[in-house]
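Trainee: Sequence and predicted structure are below.
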Amino acid sequence: MEWTPEAVKAEIDYRQAALRADAARARASRQPRTPRRPWWRGLGHRAAPEAGEGGNRRPEAA
């Protein structure tokens, strides 16, 4: 297949558009987001659970 000047220009435009779209996705993925707190942060800041009547209702528990 021989490349005509129009086909070469169309191929270049197509590839450049794909590169621009990829670059935009990469920029969007690098945007700073609100950091999530680690799951262990809540362990020391939680109120102690109150034991109700019956406890945990598991016979194997002491």
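Mentor: Received the coordinates, thanks.

Trainee: neighbours of T4, just the number please.
Mentor: Other residues lying near T4 total 9 when counted by other Cβ atoms under 10 Å. Every residue, glycine included, has its C-beta placed from N, CA and C.

Trainee: Same question for W40.
Mentor: 7.

Trainee: Same check on Q16?
Mentor: Quick note: Q16 (other Cβ under 10 Å) scores 10 neighbours.

Trainee: centre of the chain versus the helix or strand where it lies, how much separation?
Mentor: Element membership for Q16, per DSSP states H and E: helix 5-29. Here helix 5-29 is found 25 Å from its chain centre; the criterion is Cα atoms, centre = their mean, to the nearest Å.

Trainee: Over to stretch 20-35?
Mentor: 11 Å.

Trainee: Can you list the buried residues in it?
Mentor: Buried residues in stretch 20-35, counted by 16 or more other Cβ atoms under 10 Å: none are found.

Trainee: Kindly format the C-alpha coordinates of that stretch as CSV.
Mentor: Taking Å, rounded to 0.1, in the frame of the first residue of the first chain, the C-alpha atoms of stretch 20-35 are listed here in CSV:
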residue,chain,number,x,y,z
ARG,A,20,-3.1,14.1,23.6
ALA,A,21,-5.9,12.0,25.1
ASP,A,22,-3.4,9.7,26.9
ALA,A,23,-1.6,12.7,28.3
ALA,A,24,-4.8,14.2,29.6
ARG,A,25,-5.7,10.9,31.3
ALA,A,26,-2.3,10.8,32.9
ARG,A,27,-2.5,14.4,34.1
ALA,A,28,-6.0,13.7,35.6
SER,A,29,-4.7,10.6,37.4
ARG,A,30,-1.9,12.6,39.0
GLN,A,31,-4.2,15.3,40.4
PRO,A,32,-4.0,15.6,44.1
ARG,A,33,-6.9,14.0,45.9
THR,A,34,-7.9,14.3,49.5
PRO,A,35,-5.8,11.7,51.3
